[in-house]
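[1] Structure, please.
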Amino acid sequence: MKCPYCGEEDTKVIDSRPADDNSSIRRRRHCLKCNRRFTTYEKVESIPLMVIKKDESREIYDRSKIEAGIFRSCHKRPVSVDEMNSIIDEVENEIFNKEEKEIPSSVIGEIVMDKLKSLDAVAYVRFASVYREFKDVNTFMSELKKLLDK
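    Have a look, this model is predicted:
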């Protein structure tokens, strides 16, 4: 950290503590060249995750969209709210562990389908039918056949 008084890059941290808002750290520093003291604030920089939609437009990641899709798929199924929230958390962890700034919605959809497949077959087919935009009964039946073959 450069000293604001003399420009020296060699400064020493004397004291660190959370700032008043608890979202940053207040550091008291001492310049080893001019012996003056100054305060700096350190804050985590968060870059929002962007989702690349099918039409190539981009929007900020929104957990509530995954929640809505999963809750809709599991409607009137023997799946508890805790199980649904667990799936949502797992999906979110997998997305953020990729450590990318942008992620295609198709990747998110595949992760959700993979998690739903192991949770409840009917919820999986419901989600897949909307996500993959089944156009007719034959597409629907071929997905069911794949599920039954496993």
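
[2] what packs against the helix or strand harbouring Arg72?
    According to DSSP states H and E, Arg72 maps onto helix 63-73. Here helix 63-73 touches helix 81-97, helix 105-119, helix 121-131, going by 3 or more Cβ pairs under 8 Å, 6 or more residues apart in numbering; DSSP states H and E. Placement of C-beta: from N, CA and C, glycine included.

[3] can you tell me how far the residue of the chain most remote from its centre sits from Ser16?
    The outermost residue of the chain, judged against the average C-alpha position, is Cys34 (45.2 Å), by Cα atoms, centre = their mean. From Cys34 across to Ser16, the span is 21 Å (Cβ to Cβ, to the nearest Å).

[4] Check Ser118 too.
    In terms of Cβ to Cβ, Ser118 sits 45 Å off from Ser16.

[5] domains for this structure, by residue range?
    Using automatic domain parsing, the domain parsing of the chain gives 11-43, 50-149.

[6] Export those domains as TSV, with columns for mean pLDDT and distance to Cys3.
    Below are the domains of the chain laid out as TSV (pLDDT from 0 to 100; distance: least, Cβ to Cβ, whole Å):
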stretch	mean pLDDT	distance to Cys3
domain 11-43	89	4
domain 50-149	89	34
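
[7] coming back round to it: so the residue nearest to the residue farthest from the centre of the chain when sequence neighbours are not counted: helix, strand or coil?
    Excluding its sequence neighbours, the residue lying closest to Cys34 (Cβ to Cβ, 6 or more residues apart in numbering) is Cys6, at 4.3 Å. Recorded secondary structure, Cys6: coil (DSSP: H, G, I helix; E, B strand; the rest coil).

[8] which residues touch Lys53?
    Residues near Lys53 by Cβ atoms under 8 Å, 6 or more residues apart in numbering: 59, 105.

[9] What is the burial count for Lys117?
    Using other Cβ atoms under 10 Å, Lys117 is surrounded by 16 other residues.
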